[in-house]
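**Student:** Below: sequence and its predicted model.
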Number of protein chains: 2
Amino acid sequence: MVRGGLDLGGTKVEALVVDDANEIRGRARVPTPTEGGPPAVVQALAAAMREAAGGDVEQLAGVGVGAPGEVDAAAGTLARAGNLPEWVDPYPLAAELGRELGLPVRIGNDVRVAVEAERVLGAGRTYRSFLGAWWGTGVGGALVLDGRLWLGRGSAGELGHIVVKLGGRRCPCGRRGCLEAYAGRAAMERTARKAEDAGTKTKLFSIMKKRGRTRLTSGVWAAALEEEDKLAHSLVDEAVEALGAGIGSVQNLLDLDAVVIGGGLGTRLGDPFAERIAAASQPHLFVTERPPAFIVSELGDDGGGLGAALLVSA
Amino acid sequence: MVRGGLDLGGTKVEALVVDDANEIRGRARVPTPTEGGPPAVVQALAAAMREAAGGDVEQLAGVGVGAPGEVDAAAGTLARAGNLPEWVDPYPLAAELGRELGLPVRIGNDVRVAVEAERVLGAGRTYRSFLGAWWGTGVGGALVLDGRLWLGRGSAGELGHIVVKLGGRRCPCGRRGCLEAYAGRAAMERTARKAEDAGTKTKLFSIMKKRGRTRLTSGVWAAALEEEDKLAHSLVDEAVEALGAGIGSVQNLLDLDAVVIGGGLGTRLGDPFAERIAAASQPHLFVTERPPAFIVSELGDDGGGLGAALLVSA
């Protein structure tokens, strides 16, 4: 039976329909509502799923959703989703979307479902133990240890909030010196705006406007790097250095087989940057002669939807 | 049947004889040889074991050894033990000590066996998943995940070489910004010597001489803190801050139940400092409302020998 997978992001909803072999049979994309709160998001998710299923959602065994914020998978609730409209308190996303579609719905953390998809179908499938380092708006993480996602007491994987510099830069989370303060795209944008305000010349914001964006997307960063923008290079260098230190720390602690780099920036910048992050981690590795493999996610933008569909058994 | 456990340290060898209930039935302590290489160390280990067994080693089912440096448990070899005399290349410690005593010998990493002892017999026995943070000459670590030591590919647990400050202080390992550069007793002594050379007043070295020591032992640090030595306080504060950041990073990544603080300094400074490390980690925790328990090792100096004895089945 076919299944549905929804990747709920801050700017767009991606819907996939996959078959028993996890081959993609249908897809759709709709913008994430910027107002109307959780009910509006439920409508957008349902619309995307209906479109991906060609109007026939009854063929689906069920639908999985990968969501940002605090997911309680057992309760089917999502809370504190900062990039979604008016979404603070726990909201029964699984129940409400299930009622809307007339289907069983399961939800999971967005980074975890994408990393689980890499484990089963993608770059992680040949490794027993690996770190998924999701480099995007924030820096997310998920650990696969001995073939299973490691959840801890439910909140494991906060790679972005590893301390790489005591007393260092302020992170969007409010703490100081976190990896995400240097490598998260939102934090990098804030640093770039401050630098421009202080008189540093950069093409970052003119490229952004030319592309009709209001944020420095991964595509804007990639274009600025190609145009040899000095500020873009210096901030990405800094991000790579911080990622190298943070991932090096994880490796010293856990001695993993591999690191899979994903997320918007990770996927967009690709292999050359996975190699640069590997090189940046090398000086921090305690066992220098046996570094982990550094590879880019294979599923790219489809990973979130594929992993969400894996939440549903066929 | 009784079993032997040997804790091989840089300054002393501790030998224990334990019964089936892991109760201690005999003990001995001899200084670690400072010359003569691995054969001299084997003689010292054998002498300590014979003394602990009251001269009758034939009653022992076998002997376990917890050793510093690179342990290959399967091969029974120890290499690169920097605190032991002329010990660089892999040496067949298990086979040579086994021949000397006429008994089966198994070896393990010193921090891992001590943490395993805490898991089975001590502070870790009520937790499924915890970090053993061994605060001594260096900063060692071992992870218990879901009731089992996590080894990775064999080299997991290098807590001391987590990066807490990018571009920070030089670590004894040669790298920069490692936790151990701020919190390892050897690194703290080096910092203290530099400060005294630069004119900072401190009682640390006079206390050391009064006690007939050549190193700033845990007892010297504890005494200097009690005498309100400003430099001692400032360096221990710095160590606590670094431990808080490093352990906070581990917690954000793994979401563990508990942190067990051990090692020479950890055991000596005890509960008040475990509480201070907990407080220092709190500002770095991503999930602030559910910190791990911070507790001091229960087995103290006996943990190494008890854990070594656990390597041998009764």
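**Tutor:** Ah, there it is. Everything numeric in this text was worked out from a predicted model, so none of it was measured.
**Student:** dump the residue contacts of the residue lying closest to residue A:35 once chain neighbours are set aside.
**Tutor:** Leaving aside its sequence neighbours, residue A:35 sits nearest to residue A:85 (C-beta to C-beta, 6 or more residues apart in numbering or on different chains; 5.2 Å). To be clear about C-beta, it is placed using only N, CA and C from the backbone, and glycine gets the same treatment. The contact partners of residue A:85, by C-beta atoms under 8 Å, 6 or more residues apart in numbering or on different chains, come to A:33, A:34, A:35, A:36, A:37, A:40, A:41.
**Student:** Give me the pLDDT value at the fourth one.
**Tutor:** The predicted structure scores residue A:36 at 96 on the pLDDT scale.
**Student:** that older thread, among the contacts of residue A:85, who's most crowded?
**Tutor:** residue A:41 (25 neighbours; other C-beta atoms under 10 Å in any protein chain shown).
**Student:** do you know how far residue A:110 is from residue A:312?
**Tutor:** Look at residue A:110 and residue A:312: by C-beta to C-beta, to the nearest Å, they are 16 Å apart.
**Student:** er, residue A:133 actually
**Tutor:** 26 Å.
**Student:** Settle it for me: which of these two has more neighbours?
**Tutor:** The neighbour count for residue A:133 versus residue A:312, taken as other C-beta under 10 Å, is higher for residue A:133 (29 against 22).
**Student:** In three-state terms, label the more buried one for me.
**Tutor:** strand (DSSP: H, G, I helix; E, B strand; the rest coil).
**Student:** Need the nearest residue in space to it, chain neighbours excluded.
**Tutor:** residue A:261 (5.4 Å).
**Student:** all strands of the stretch 1-150 of chain A, in order?
**Tutor:** A:2-8, A:12-18, A:24-31, A:60-67, A:70-72, A:77-79, A:105-109, A:130-135, A:139-145, A:148-150 (DSSP state E, counting those that start in this stretch).
**Student:** Quick one, which of the ones you listed gets closest to residue A:203.
**Tutor:** strand A:130-135 (21.7 Å; C-beta to C-beta).
**Student:** neighbours of the residue lying closest to residue A:156 once chain neighbours are set aside, just the number please.
**Tutor:** Of all residues not flanking residue A:156 in the chain, residue B:255 sits nearest, at 4.0 Å (C-beta to C-beta, 6+ apart). Using other C-beta under 10 Å, residue B:255 is surrounded by 22 other residues.
**Student:** now do residue A:283
**Tutor:** 15.
**Student:** from memory it sits against residue B:175, does it?
**Tutor:** Yes - Residue A:283 is in contact with residue B:175 according to C-beta atoms under 8 Å; the separation is 6.5 Å.
**Student:** just to revisit the earlier point, looking at the strands of the stretch 1-150 of chain A, which one is packed in the most?
**Tutor:** Each of those was assessed for mean neighbour count using mean count of other C-beta atoms under 10 Å in any protein chain shown. The highest is strand A:130-135, with a mean of 29.
**Student:** got a list of what residue A:100 touches?
**Tutor:** Going by C-beta under 8 Å, 6+ apart, residue A:100 touches A:42, A:43, A:46.
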